[in-house]
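Peer 1: Have a look at this prediction, sequence included:
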Amino acid sequence: MKPLIEITTVPIQIEMKTTNAKLEYARGTAEMEVTRDKGGLQIKSRPIRLNIDTFEARNSITPTLARSQEQGAEKGIQASYKATAAFAQEGKLMMQTKLGEEVITRFSKQSLLEDVKDVGLQFLPKVGPEITWDPAEMNIRYEMDKLNFDWKIGGGSFEFTPGDIELTVTQKPEVIIKYVGGPIYVPPSADPNYEPVDVRA
């Protein structure tokens, strides 16, 4: 006897669609500003400088008040020394005189000879000027132009897109039950192809 029912199962069908994750970088803007500082050439020169100091030379001709007082004091000291020596010498000669010697005439001659020696002749100015000099000088300074670069960079940004999984059911699961037998007659004797069942056996 053939089966009367045919059962067919239809499996489920799933369609899966995936999207990969993405990391995108958006670039910022960049600007550059250039400025220029101009240099130049500088030359500084100084010629030789002559310094003439005539203070001492002028003092030897026409001394200042302070110098004149200093020179007068020095002459007074020298004169006192000379007078002391002269008096000492004269006293010594007076002690050693003998009768009959002309001591006074000798003293007068000696003093006259000393006055003749100092006639007051001198060269003016006594001291020459003091001469000094500063050497010549030259300074050369050269400075090149300067370029200044100023960068202005805008901050970039990162954008992250996460991954995605999309599931789509394209076919639902099914169970198909199909009757494959012939028609069923009630009573069975109504079937045109009915054959009685022999129950005697």
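Peer 2: Here it is on my side, so go on.
Peer 1: Which stretches in the chain count as helices?
Peer 2: 55-61, 65-95, 103-117 (DSSP state H).
Peer 1: Surely M32 touches L147?
Peer 2: No. Taking contact to mean Cβ atoms under 8 Å, the distance of 11.3 Å between M32 and L147 leaves them out of contact. In short, each C-beta sits where N, CA and C put it, glycine included.
Peer 1: tell me the domain ranges of the protein?
Peer 2: As assigned by automatic domain parsing, the chain contains the domains 1-36+152-201, 40-143.
Peer 1: hang on, the earlier thing: can you flag the weakest of the helices of the chain by average pLDDT?
Peer 2: Comparing mean pLDDT across the helices of the chain, the lowest value falls on helix 103-117: a mean of 56.
Peer 1: What is the burial count for P63?
Peer 2: The burial count assigned to P63 is 15, neighbours taken as other Cβ atoms under 10 Å.
Peer 1: Do I have it right that it meets Q71?
Peer 2: Yes. Between P63 and Q71 a contact is recorded at 6.3 Å, counting by Cβ under 8 Å.
Peer 1: Show me what D37 is bridged to.
Peer 2: The partner list for D37 in beta bridges (DSSP bridges) reads K146.
Peer 1: Okay, it and D150: tell me how far apart.
Peer 2: With distances taken as Cβ to Cβ, to the nearest Å, D37 is found 13 Å from D150.
Peer 1: Same question for V180.
Peer 2: Looking at V180 against D150, where the rule is Cβ to Cβ, the gap reads 90 Å.
Peer 1: Quick check: the gap between the nearest residue to T161 once chain neighbours are set aside and L167.
Peer 2: Closest residue in space to T161, ignoring its immediate chain neighbours: K22 at 4.3 Å, by Cβ to Cβ, 6 or more residues apart in numbering. Spatial separation of K22 from L167 under the definition Cβ to Cβ is 21 Å.
Peer 1: Check S45 too.
Peer 2: 93 Å.
Peer 1: so which of the domains of the chain is the most packed in?
Peer 2: Per-stretch averages of neighbours, counted by mean count of other Cβ atoms under 10 Å, single out domain 40-143 among the domains of the chain, with a mean of 10.
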